[in-house]
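K.L.:
Give me coordinates for this.
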Amino acid sequence: MFLFSDTQINHEFFVEDISNILNTAEVPNLMEPGDMVTIFENIRGRAKAAGRALHSSTFQLNLSRF
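P.N.:
Next up, the predicted model:
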């Protein structure tokens with residue numbers, strides 16, 4: 001159960017973020033698109049070493065979500 005009162009709402013967008021987390025398990029615009037590029041580039045080498053290479057199409061598809 002998740003409870004919070006109206007006194008805990010400092011900014012109205014908090015309610016929207018909480019609603020998104022509860023409904024979709026995602027928070028849109030949590031990170032800048034440039035941050036996502038950095039993250040994908042950093043994990044690409046590790047994924048390849050683990051035998052799970054990120055393909056260009058997967059990278060573009062995932063990046064387009066952000």
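K.L.:
mind checking the SS state of Met31?
P.N.:
Here Met31 is recorded as coil under DSSP: H, G, I helix; E, B strand; the rest coil.
K.L.:
number of nearby residues for it?
P.N.:
For Met31, the tally of surrounding residues (other CB atoms under 10 Å) stands at 11. All C-beta atoms are positioned from the backbone trio N, CA, C, and that covers glycine.
K.L.:
can you check the one 5 residues further on too?
P.N.:
Each residue near Met36 was counted by other CB under 10 Å, and the total is 17.
K.L.:
what's the answer for the one 4 residues further on, then?
P.N.:
With neighbours defined by other CB under 10 Å, the count for Phe40 comes to 17.
K.L.:
roughly how far out does the helix or strand it falls within sit from the chain middle?
P.N.:
If you go by DSSP states H and E, Phe40 is part of helix 33-49. Centroid separation for helix 33-49 versus its chain: 14 Å, with CA atoms, centre = their mean, to the nearest Å.
K.L.:
and it, what does it pack onto?
P.N.:
Contacts defined by 3 or more CB pairs under 8 Å, 6 or more residues apart in numbering; DSSP states H and E place helix 33-49 against helix 56-64.
K.L.:
hmm, what's the outermost residue in this protein?
P.N.:
Going by CA atoms, centre = their mean, the residue of the chain most distant from its centre is Thr7, 27.4 Å out.
K.L.:
Look up how far Val27 lies from that residue.
P.N.:
22 Å (CB to CB, to the nearest Å).
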